[in-house]
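Student: Pasting the sequence and the predicted model now:
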Amino acid sequence: MSDNINTLLRQIPKVDELLAHPQFASTNKALLTNATRQVLTDLRTGILQSKITNIPSADEIASDVATVLAISNRPNLQRVINGTGIILHTNLGRAPLAKAAVDAITNTALGYSNLEYSVPEGKRSSRHVIVEDLLTKLTGAKAAMVVNNNASAVLLALSAVAKNKDVIVSRGELVEIGGSFRVPDVLAQSGSQLVEVGTTNKTHLADYEKAILANDRYSLGPGALLRVHTSNFIISGFTTKPTLEELSALAAEHSLPLIEDLGSGCMIPLGEYGIHGQPTVAESVKAGVDVITFSGDKLLGGPQAGIIVGRKEYIAKMKSHPLARAMRIDKLCLAALEATLRLYLDPKTAVREIPTLQMLCETQDNLFEKAERLADKLSPHATVIAETSQAGGGAIPEENFSTAAVIINADVSAQALEKHFRSGPIPIIGRISKDRFILDVRTLCDDDFPVIVSRLSAFSQIV
């Protein structure tokens, strides 16, 4: 080891010297000690690798310690800015909540609540009743309940209604969604036996009826028909499948329940906003489906939840099933869900106030106006372009939405820009398109603009 390296190593200040620095007079000593040791270890490593040839001043080292402290104090779950244009981005938490839902969470969290207490009757009640009336009013169903997500809702429905019986499903609906959630696996976990009918692209009503009437040694006896909405992919071309009305009539003829996993949970028709082909929950109820499950944090635009609506006799079985307690929703999610559902009492208000719907239904003119405003703030390092994006979250897979985006211009790679924006105090997540780093304004709000401007200003190679 050279004399110069030894000299530099001897000049590294002691931990106690830095702990006594005036900047840290009111800092937690345990956290400060850990941060100081990390900075001094990095300093020592840099000297040994000949990357550091001068010892920084005490103030400079203290500044590095303060930076490490700030990073270590950040929560693991933190706010990020979504510049990807993907509205229901599963990795970024899916649906942002309406202000009414956030206010409801705060109000509920700050004190006690009547989660399982009837104030008028002065006795114990059930959390199931909190949103049941709203859900039945909005969908036309006779009963409803809520669990923690849609996968739980499907598992609970099958376990309560069709355990130890055959569940008949079209082969084209045996889907796998995010996290390797597979319909056949859920059926097996529920204690039901999967009976596939039809082919990948064509399933006829007669295929279901044949399976119902089958009486071979492998059959447990028919327990339910299951329709799965393929919300995260499409099969097009030479295809056939029965309507819900036809399946409902067949199920009723044989005294079987028809269960539908509707997935995304669209609550209002979106055709007037240019979004077609999304079945609503109310349409499934009207078609005669006995049990319908869907997500709270997809097209509904609320918190993560699995919502179940349908006939009273089947919902009652689910409410009393042992799994219902394991899957129950907590008070904060219930508060947010109730507030979100109340917005749907006026569909125009829902589109205006629920961020998911507002972003889905935004006009192209408004998006370009927003992109121009952001580009002006980033001038001369931004250019507005037309782009396309998707809803995400396994919703509306057939729709590519026209959008507007801002290219961040710099004499560095798109990858370097992406990393820089992602590494700030509030991470800014964009996407790389045609070797350009872009921010899609469909998923940005005006409050995000100052953070984006600040992060660009921090990039020394640009400014």
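Tutor: Right, received. Where do you want to start? Numbers count the residues shown, from 1 in each chain.

Student: Which residue lies closest in space to L32, excluding its sequence neighbours?
Tutor: F24 (5.4 Å; Cβ to Cβ, 6 or more residues apart in numbering). Yep, even glycine has a C-beta here, placed from its N, CA and C like the rest.

Student: For the one you found, grab the count of nearby residues.
Tutor: F24: 19 surrounding residues under other Cβ atoms under 10 Å.

Student: now swap in Q390 and tell me
Tutor: Close neighbours of Q390, defined as other Cβ under 10 Å, add up to 19.

Student: Can you list the neighbours in contact with the longest helix along the chain?
Tutor: Counting residues, the longest helix in the chain under DSSP state H turns out to be helix 29-48. Contacts to helix 29-48, defined as Cβ atoms under 8 Å, 6 or more residues apart in numbering, come from residues 1, 5, 8-9, 12-13, 15, 18-19, 24, 52, 55-56, 61, 64-65, 68-69, 72-73.

Student: domain assignment for the protein?
Tutor: Using automatic domain parsing, the domain parsing of the chain gives 3-72, 81-90+358-457, 99-353.

Student: can you list these in TSV and add mean pLDDT?
Tutor: Below are these laid out as TSV (pLDDT from 0 to 100):
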stretch	mean pLDDT
domain 3-72	88
domain 81-90+358-457	92
domain 99-353	92
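
Student: what about A416, which helix or strand?
Tutor: Assigned by DSSP states H and E, A416 belongs to helix 414-422.

Student: helix/strand/coil for S219?
Tutor: At S219 the chain is in coil, as set by DSSP: H, G, I helix; E, B strand; the rest coil.

Student: how close does it sit to H254?
Tutor: 14 Å (Cβ to Cβ, to the nearest Å).

Student: so after the longest helix of the chain, what's the next helix or strand?
Tutor: Downstream of helix 29-48, the first helix or strand assigned by DSSP H and E is helix 58-72.

Student: contact partners of that next one?
Tutor: Helix 58-72 is contacted by residues 13, 17-18, 21, 23-24, 27, 31-32, 34-36, 38-40, 43, 56, 425 when judged by Cβ under 8 Å, 6+ apart.

Student: packing partners for the helix or strand just after it?
Tutor: Next helix or strand after helix 58-72 toward the C-terminus (DSSP H and E): strand 81-82. Here strand 81-82 is seen to pack against strand 428-429 when contacts are counted using 3 or more Cβ pairs under 8 Å, 6 or more residues apart in numbering; DSSP states H and E.

Student: Parallel or antiparallel, list what pairs with the next helix or strand after the strand it packs on.
Tutor: Downstream of strand 428-429, the first helix or strand assigned by DSSP H and E is strand 431-433. Neighbouring strands of strand 431-433 in its sheet, by DSSP bridges, are strand 436-440 (antiparallel).

Student: Tell me which residues are up against the strand it pairs with.
Tutor: Contacts of strand 436-440 (Cβ under 8 Å, 6+ apart): 83-85, 374, 385, 387, 389, 403-408, 414, 417-418, 421, 428, 430-432, 452.

Student: again with stretch 306-314
Tutor: Stretch 306-314 has contacts (Cβ under 8 Å, 6+ apart) with 135-136, 139, 141-154, 156-157, 160-161, 257, 265, 281, 285, 289-296, 300, 315, 318, 327.

Student: Which parts of the stretch 251-400 of the chain are strands?
Tutor: 258-263, 291-295, 306-310, 382-389 (DSSP state E, counting those that start in this stretch).
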